[in-house]
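> Any chance you could fold what I've pasted below:
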Amino acid sequence: MNNNQHISHQFDEEMEELRNQVLKMGGLVEQQVLRAGNALSSLSAPEADAVCGDDHYINALEVSIDEQCVRILAKRQPAASDLRMVIAMIKTITDLERIGDEAKRIAKMAFNIAEDDGFFHNRYARINHLADHVGKMLHEALDAYARLDVDAAFETKKSDANIDEEYKMLMRSLISYMIEDPRTITESLDIAQAARAFERIGDHAKNICEYVIYLVKGKDIRHVNMDKVEKDILS
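As a prediction, this is how the structure comes out:
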């Protein structure tokens, strides 16, 4: 093996290791979101505490991956698809870290409600459906990233509209509860914050789908009409 081949092989190994680290971070974040949803559903204070306590692992992994990406950009000066891969990884870990922050926020709301005994908690079953749908979207976004599946990324991106609509319906219900019975106001506000966090997780999952399309197709589809994307990029 000549020197150029050796350098190329070493670069490929570095990129593969970085990709594996991103997928590892994605798995940890997905687990955090699931545990946060469970904490909210069961009003388990220990589970909520665990979600908050483990957040530093995700933060540390983001810093490590980011440093490695910067090192590759400076040392290897990648071009074309390799450059897109590094950029997509940097963007993806930023969204993953923010998803971790939203999971932590949900856990804190679960802890607040648990401390107040969650007297009205059973009236807010709708948020469990929102949590399930967001968890499914995040899983599908990470799966599309792992397989670099543009079609799956596009379909998953479209599902964010359903999550936004479900969030709006939940907020309308919470407002009705607070108007009908002022005793529910404090708990309803906590549920509203958790719902907003789930909606934001959906937005970050949508971003990851956009990075997959950018990586594979070399097209930035942010703020682009979905019909145009499907016609011009996915056809």
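> how about stretch 24-39: buried residues?
Across stretch 24-39, burial judged by 16 or more other CB atoms under 10 Å covers Met25, Gly26, Val29, Glu30, Gln32, Val33, Leu34, Arg35, Ala36, Gly37, Asn38, Ala39. Heads up, the C-betas are built off the backbone N, CA and C, glycines and all.
> quick one, what contacts Ile58?
Applying CB atoms under 8 Å, 6 or more residues apart in numbering, we find Ile58 in contact with Met25, Leu28, Val29, Gln32, Leu96, Glu97, Gly100.
> Please apply the same query to Asn20.
For Asn20, no contacting residues are found, by CB under 8 Å, 6+ apart.
> could we number from 29 for the rest of this?
Taking 29 as the first residue, the last one we looked at is Asn48.
> about what we covered before: can you list the buried residues of stretch 52-67 in CSV and add secondary structure, distance to Lys186 and pLDDT?
Below are those laid out as CSV (DSSP: H, G, I helix; E, B strand; the rest coil; distance: CB to CB, whole Å; pLDDT from 0 to 100):
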residue, secondary structure, distance to Lys186, pLDDT
Met53, helix, 25, 97
Gly54, helix, 20, 97
Val57, helix, 22, 97
Glu58, helix, 20, 97
Gln60, helix, 25, 96
Val61, helix, 20, 97
Leu62, helix, 23, 95
Arg63, helix, 27, 94
Ala64, helix, 25, 95
Gly65, helix, 22, 94
Asn66, helix, 27, 92
Ala67, helix, 29, 92
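> With distance to Met137 added, can I get the residues you listed in a markdown table?
Below are the buried residues of stretch 52-67 laid out as a markdown table (distance: CB to CB, whole Å):
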| residue | distance to Met137 |
| --- | --- |
| Met53 | 24 |
| Gly54 | 23 |
| Val57 | 18 |
| Glu58 | 19 |
| Gln60 | 14 |
| Val61 | 14 |
| Leu62 | 16 |
| Arg63 | 14 |
| Ala64 | 9 |
| Gly65 | 11 |
| Asn66 | 13 |
| Ala67 | 9 |
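> ok, those residues vs Tyr195, which is closest?
Comparing these against Tyr195 with CB to CB places Gly65 closest, at 14.4 Å.
> Find the nearest non-adjacent residue to the closest one, please.
Using CB to CB, 6 or more residues apart in numbering and skipping the chain neighbours, the partner closest in space to Gly65 is Ala159 (3.9 Å).
> Can you list the residue ranges for helices in the chain?
31-70, 73-81, 83-104, 108-143, 154-175, 178-186, 188-208, 213-245, 254-260 (DSSP state H).
> Averaged pLDDT, the third one. What do you get?
What that stands for is helix 83-104. Averaging pLDDT along helix 83-104 yields 93.
> okay, the angle between that helix and helix 31-70?
160 degrees (axes from the mean of the first three to the mean of the last three CA atoms, to 10 degrees).
> I'd assumed Phe139 was in contact with Leu68.
No: judged on CB atoms under 8 Å, Leu68 makes no contact with Phe139 at a distance of 9.5 Å.
> Overlap of the contact sets of the two?
Overlap between the contact sets of Leu68 and Phe139, as judged by CB under 8 Å, 6+ apart, is given by Ala76.
> Same drill for these two, tell me which one is more crowded.
Leu68 (31 against 22; other CB atoms under 10 Å).
> What count of nearby residues applies to Asp192?
14.
> ok, the closest residue to it other than its chain neighbours - contacts?
Distance criterion CB to CB, 6+ apart; nearest residue to Asp192, sequence neighbours excluded, is Glu227 at 6.6 Å. Going by CB under 8 Å, 6+ apart, Glu227 touches Leu158, Val162, Ile191, Asp192, Tyr195.
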